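Visitor: this one's sequence-less:
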């Protein structure tokens, strides 16, 4: 997992009752995961459950899949604070993520982006996360390390999260 902080000097840790750090400024992190069943839930679910305690929303940007509402409910994530946008175009996904992070309306913006971001995209995401004091999660399959800048095939996302 590669974590990119927007400004380490401004980053301060405060611990909540659950001992999970909260941050005064936003940040972007990239998570490469295996295609093994259950890995996404095991890695992301505790973080998403903690973030769902905030009054802000969670935004899911996924490539051409619908978010599985039953999975959200079973996982204890509030449907009323979860928003989903299905979009497979690189520019739209990155641009949507930047806009969403910047608003400050979301505690987390999750986006499946199966290719490497260029430096300008990464800088814009970092600025937007800092401005909106939000977490941006870029999710990528561990098999996509050698993926081209533009995906040739749509990514395969774990079926229990989407239908």
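Guide: That came through fine. Since the model is a prediction, treat every value here as computed from it, not as a measurement. Numbers count the residues shown, from 1 in each chain.
Visitor: next one, pLDDT for residue 113 please.
Guide: Turning to residue 113, the model gives it a pLDDT of 87.
Visitor: and residue 108, by the same measure?
Guide: 96.
Visitor: residue 26 too?
Guide: Per-residue pLDDT puts residue 26 at 88.
Visitor: residue 121 too?
Guide: pLDDT, residue 121: 95.
Visitor: look at the closest residue to it other than its chain neighbours and tell me its secondary structure.
Guide: Excluding its sequence neighbours, the residue lying closest to residue 121 (CB to CB, 6 or more residues apart in numbering) is residue 94, at 5.2 Å. Any C-beta I mention is one placed from the backbone N, CA and C, and that applies to glycine too. Three-state assignment for residue 94 (DSSP: H, G, I helix; E, B strand; the rest coil): helix.
Visitor: what's the local residue count around residue 94?
Guide: 21 (other CB atoms under 10 Å).
Visitor: contacts only, for it.
Guide: 111, 113, 117, 121, 124, 125 (CB atoms under 8 Å, 6 or more residues apart in numbering).
Visitor: most neighbours of all these, which one?
Guide: residue 125 (26 neighbours).
Visitor: OK, contacts around that one?
Guide: Listed by CB under 8 Å, 6+ apart, the contact set of residue 125 reads 28, 94, 97, 98, 101, 117, 136, 138.
Visitor: so where do the helices sit in this protein?
Guide: For the chain, the helices defined by DSSP state H occupy 39-51, 69-74, 90-103, 119-132.
Visitor: format these as CSV; extra columns: distance to residue 59.
Guide: CSV is the format used below for these (distance: least, CB to CB, whole Å):
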stretch, distance to residue 59
helix 39-51, 11
helix 69-74, 13
helix 90-103, 5
helix 119-132, 11
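Visitor: rewinding a little: how near is the residue nearest to residue 121 to residue 75?
Guide: 27 Å (CB to CB, to the nearest Å).
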